[in-house]
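>>> Generate a structure from the sequence data that follows.
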Amino acid sequence: FHAMLVPLAVVFSQPSFQKFVVLMEGWILAGSRAMTSTALESCGPFPKHFATYYRFFSRAVWNPDRLGDALLHLVLPFAPKGPVVAAVDDTIARKSGKHIWGANVHYDPLGFMPNALCFGRSWVVLAVIIHVPLVERSVAVPIYWRLYRSQKKRKGKSRHGSETKTAGTTSASTHRTRPELAVQMLHRLRQAVPGARRIEVVGDSAYGGKSVTRHLPEGVVALSRLPMDAALYALPPQRPPRCNGRPRVKGERRPTPGQMAKDPRGWQTVTVCLYGKKVRVLYKTVIALWYNSAGKIPLRIVVVRDPQGRRKDDAFFSTDANASPQSILETYALRWSLEVAFRDSKQTLGFERSQARTAHAVRRTGPFALVSYTLTVTWFCQRGYRLYPHGISIMPWYRQKRTPSFANMLQLLQNLLRQERFCDTRQDTVVLQNLRGSCNHAYKQAA
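Residues are numbered from 1 along each chain as shown. Modelled structure (predicted):
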């Protein structure tokens, strides 16, 4: 596990990387209690004063986006062949207290009451979909993240002073919506992915509007849900020769997805793999313009119906007009793996437990749980799957358990870290001594 962290050394200075190793090991050992203080308690005697580890988040000079680039190169070998599939979504880290920086009132989709609201921080996360050995379903590993702040909060100064520009963030006078933050991360992902490899990004309807579809980087395809009342148009007709005037940008008006679903004619049948199960669905497909949102980009529209009538009709689109309906449906279903990553990060890695209050610390401490999630899954892909299930205890009531969950991956890594006791000052921090030569080599290569 510590050898896997060596490529991340180029993101930090050498003292900061030593703090990163100690905090990462302690964070994983703390599990659901994870925060800066409990991470230091879990890793045992730490080599430096405790205040230096708090300053790692609040004052140390390191770029979260560069850390995301390094994480991307770790997980790309486990991505399926072909295009890189990424998922984007936002989640809420619930916090209380009027002096907590970056917190605001947000709509809570998990609330029990209609229009439920909660107080906390809203994070927009971009994750890459990978295949994990022994795991049947796809897994989303977070790579980049942004903190969303409402425009009202950006107008005034906070209790801790005015905002300052940090890497990967905007100034106080510039407001960015959640889709605009997602586009920023997509441009970063496009630059980090080697070569001209295609990228497919999936998101719910909040990330399928014109803020995303009209600002996609080159080589990036967007897949999202389409409103059933979307105004669709045919492709513009070919302009006759020697014709003056402005050319048409769209053709005749076409039926909306809702009107297409009401027509009993033209349904086709296909078997697709959705959420780990093969299901049979009915669909209609057409190539059209959603001019109000995607502009002149031709879209592949797919209207889906459950033949058993258990789910309501739905519609999806892809900015690649040559995509098949089956690939659109199967790729969009991968979006759910990011919701699973949010749940696991909150329940097992303390994503919502951060008590940071200053701007720098808030932007770094909360996503540290996402970084530990990505590194734990990557370690399991490299070495951990060989030790499963011998390194953990499977409870007898899991009689039909076949594949490991993230909790099993985390438990296996925790057991090994506890056995090794790398961060023991009586051994003069063996892990830091063993990694010093490898880190120096990594610094020379980066230079």
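
>>> all contacts plus neighbour counts: C-alpha atoms, from now on.
OK.

>>> Low-confidence regions, the stretch 201-350 of the chain specifically.
Under the criterion of pLDDT under 70, none of the stretch 201-350 of the chain is flagged as low confidence.

>>> Show me where the stretch 201-350 of the chain has its helices.
Secondary structure of the stretch 201-350 of the chain (DSSP state H, counting those that start in this stretch): helices located at 210-213, 257-262, 291-294, 325-333, 336-348.

>>> Would you indicate which residues of the third one are buried?
Just to be clear, that refers to helix 291-294. Along helix 291-294, these residues count as buried under the neighbour rule (16 or more other CA atoms under 10 Å): 291, 293-294.

>>> re earlier: how about the helices of the stretch 201-350 of the chain, which one is nearest Lys19?
helix 336-348 (21.5 Å; CA to CA).

>>> tell me what that closest one is packed against?
The helices and strands touching helix 336-348, judged by 3 or more CA pairs under 8 Å, 6 or more residues apart in numbering; DSSP states H and E, are strand 84-94, strand 139-148, helix 368-382, helix 406-420.

>>> Can you point out the buried residues in stretch 279-292?
Of the residues in stretch 279-292, those buried by neighbour count under the rule 16+ other CA under 10 Å are 280-291.

>>> hmm, back to that, okay if I get the helices of the stretch 201-350 of the chain as CSV plus distance to Ser405?
Compiled in CSV, these are given as follows (distance: least, CA to CA, whole Å):
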stretch, distance to Ser405
helix 210-213, 33
helix 257-262, 38
helix 291-294, 38
helix 325-333, 19
helix 336-348, 10
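
>>> and of the ones you listed, who's closest to His2?
Of all these, the one in closest proximity to His2, counting by CA to CA, is helix 336-348 (20.7 Å).

>>> sorry, back to before: can you say which of the helices of the stretch 201-350 of the chain is nearest to Glu136?
Comparing these by their distance to Glu136 (CA to CA), the top pick is helix 336-348, with 11.9 Å.

>>> ok so, going back, out of the helices of the stretch 201-350 of the chain, the one nearest Cys273 is which?
Closest approach to Cys273 among those is made by helix 325-333 (6.1 Å; CA to CA).

>>> quick one: contacts of that closest one?
With CA atoms under 8 Å, 6 or more residues apart in numbering as the test, helix 325-333 has contacts from 85, 202-203, 223-224, 270-275, 285, 302, 316-318.

>>> Most neighbours among these, which one?
With neighbours set by other CA atoms under 10 Å, the maximum within the contacts of helix 325-333 is found at Ser318, which has 31 neighbours.

>>> how close does it get to Trp290?
Ser318 sits 11 Å away from Trp290, going by CA to CA, to the nearest Å.

>>> Identify the contacts common to those two.
With CA under 8 Å, 6+ apart applied, the overlap between the contact sets of Ser318 and Trp290 consists of Leu299.

>>> Need the three-state assignment for Thr403.
Under DSSP: H, G, I helix; E, B strand; the rest coil, the three-state class of Thr403 is coil.

>>> neighbours of the nearest residue to it once chain neighbours are set aside, just the number please.
Nearest in space to Thr403, with sequence neighbours left out and distances taken as CA to CA, 6 or more residues apart in numbering, is Val135 at 5.3 Å. The burial metric for Val135, expressed as a neighbour count using other CA under 10 Å, is 15.

>>> Hmm, Val135 is touching Lys401, no?
No: with the criterion set as CA atoms under 8 Å, Val135 and Lys401 do not qualify as a contacting pair; they are 11.2 Å apart.

>>> quick one: the strand or helix carrying Gly120 to helix 336-348, angle?
Secondary-structure assignment from DSSP states H and E places Gly120 in strand 117-130. Orientation note: strand 117-130 sits at an angle of 120 degrees relative to helix 336-348 (axes from the mean of the first three to the mean of the last three CA atoms, to 10 degrees).

>>> start at 43 instead
Sure, I'll start counting at 43 from here, so that last one is strand 159-172.

>>> gap between strand 159-172 and the chain center?
Its chain's average C-alpha position is 7 Å from that of strand 159-172, according to CA atoms, centre = their mean, to the nearest Å.
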